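*Asks:* here's a sequence, model it:
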Amino acid sequence: MDAIITPSTTSLVNRVKKDNPNYQFVLADDFVWSPTENTIYYAEVARIEALWALVHELAHARLGHIDFQTDIQLVSKEAEAWQFAKLTLGPTYGLVITDTYIEDQLDSYRDWLHQRSLCPTCHQTGLQTQTHHYSCINCGGVWRVNDARRCSLRRYVVA
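*Replies:* Okay, the predicted model is just below:
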């Protein structure tokens, strides 16, 4: 759904801000919840998907998502936030967030998780052993990864 936002729909951003005075809302280049700053950063709202992304970030805030220790915990929090956005926040603001859109967003995290877990030596799927570290059950390789949520993925073999 690529519907262009109408002026009446654009006013929903102001309503979301007004309804949630406990959080700061800052116009930025992307949609991000920052628990340390208690701030929801959001990009220009030009399409309905942008409103969906805004309420998704609000869902992270309302659910108290602060941090995660493993990559799978991040994916779980993303899924939880999308469900809260769809089932709780969406109806509040008259938004119908499609399952297709949610799955596309979650697929980007699943793809990210899969790429991080690929052994740089034998290219088999490894297991996360600690934050930013993986090991391969096939060849015994160990590697660390960068954060890579907002930049290119890097995997570094650990001697």
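
*Asks:* and stretch 61-68, how far from the chain's centre?
*Replies:* Distance, stretch centre to chain centre, for stretch 61-68: 11 Å (C-alpha atoms, centre = their mean, to the nearest Å).

*Asks:* just the buried residues of that stretch, please?
*Replies:* By neighbour count on 16 or more other C-beta atoms under 10 Å, the buried set for stretch 61-68 is 61, 62, 63, 65. Using the backbone N, CA and C atoms, a C-beta is placed for each residue, glycine as well.

*Asks:* what comes into contact with it?
*Replies:* Contacts with stretch 61-68, where a contact means C-beta atoms under 8 Å, 6 or more residues apart in numbering, come from 20, 23, 33, 35, 38, 40, 74, 77, 80, 81, 84, 89.

*Asks:* make CSV from the residues you listed and add pLDDT and neighbour count to it.
*Replies:* Output for the contacts of stretch 61-68, formatted as CSV (pLDDT from 0 to 100; neighbours: other C-beta atoms under 10 Å):
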residue, pLDDT, neighbour count
20, 98, 15
23, 98, 18
33, 97, 23
35, 97, 12
38, 98, 11
40, 98, 24
74, 93, 17
77, 97, 19
80, 98, 14
81, 98, 24
84, 98, 19
89, 98, 22
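
*Asks:* for this protein, just list every one of the strands.
*Replies:* 24-27, 32-34, 39-42, 127-130, 133-135, 142-145, 155-157 (DSSP state E).

*Asks:* now render those as a markdown table, adding distance to residue 54.
*Replies:* Listed next are these as a markdown table, based on distance: least, C-beta to C-beta, whole Å:
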| stretch | distance to residue 54 |
| --- | --- |
| strand 24-27 | 8 |
| strand 32-34 | 10 |
| strand 39-42 | 5 |
| strand 127-130 | 30 |
| strand 133-135 | 33 |
| strand 142-145 | 29 |
| strand 155-157 | 33 |
